[in-house]
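> the sequence and its predicted three-dimensional model are supplied below.
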Amino acid sequence: MADLTTDITKTAAGMIGAYEQWAKGRLDYSVASLVVVDELLDRLAEYVPEMTPEQVQVIASDFGCYALEVARKANGGVFRWFESRRQPVLVVGEPDFKVAIATWDVAEARARGDTGASISFLYEGFGGRVKSARPGEDALYV
């Protein structure tokens, strides 16, 4: 699990460096910066048709890892590998409850031009559920 956490935090930090020119200092691991993530993915959408599937997956994982790290900094939790979706999730609240978030699919959809796919909206639902969760609840946000 430590390796997964290291991979996610390094990927998130690398994404900040890679997109700093476009982000202009607005990627600061705050929840508010997730709106910037949506904006950057919108800008990338114009280039995606020229990219290979592997390049699009890198964008999805880079931006998805940044969103996961924002969520972890705001709520705590642990990263786990979600094998059936082939991506990491952040799990918060154990052992009392379990609220999890997976971000790569939403990041990829936004990069492909789906403005209905929103990292900031996904987090809003997740963050609200973490705050209101009751013992025994189990929820996944994807």
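Yep, it's here.
> helices along the protein, start to end?
2-18, 20-23, 33-45, 53-75, 104-111, 119-132 (DSSP state H).
> nearest to residue 93, of those helices?
helix 119-132 (6.6 Å; C-beta to C-beta). Quick note: C-beta positions are derived from backbone N, CA and C, even for glycine.
> how much space between the nearest residue to residue 43 once chain neighbours are set aside and residue 68?
Leaving aside its sequence neighbours, residue 43 sits nearest to residue 22 (C-beta to C-beta, 6 or more residues apart in numbering; 6.4 Å). Distance, residue 22 to residue 68, using C-beta to C-beta, to the nearest Å: 20 Å.
> same check, this time on residue 90
5 Å.
> tell me, what's touching those two both at once?
79, 101 (C-beta atoms under 8 Å, 6 or more residues apart in numbering).
> picking that back up, quick one: which of the helices of the chain is nearest residue 84?
helix 104-111 (11.8 Å).
> could you give the angle of the closest one to helix 33-45?
Orientation check (axes from the mean of the first three to the mean of the last three C-alpha atoms, to 10 degrees): helix 104-111 against helix 33-45 gives 50 degrees.
> just want the angle from helix 104-111 to helix 53-75.
Using the same axes, to 10 degrees: helix 104-111 against helix 53-75 is 120 degrees.
> where does pLDDT dip in the chain?
Within the chain, the ranges that satisfy pLDDT under 70 run 1-2.
> if we can go back for a sec, ok, residue 22 and residue 68, which is more surrounded?
residue 68 (26 against 13; other C-beta atoms under 10 Å).
> my read: that one touches residue 8, true?
Yes: using C-beta atoms under 8 Å, residue 68 is in contact with residue 8, at 5.7 Å.
> what do these two both touch?
Contacts common to residue 68 and residue 8, judged by C-beta under 8 Å, 6+ apart, are 79, 88.
> neighbours of residue 125, just the number please.
For residue 125, using other C-beta under 10 Å, the count is 13.
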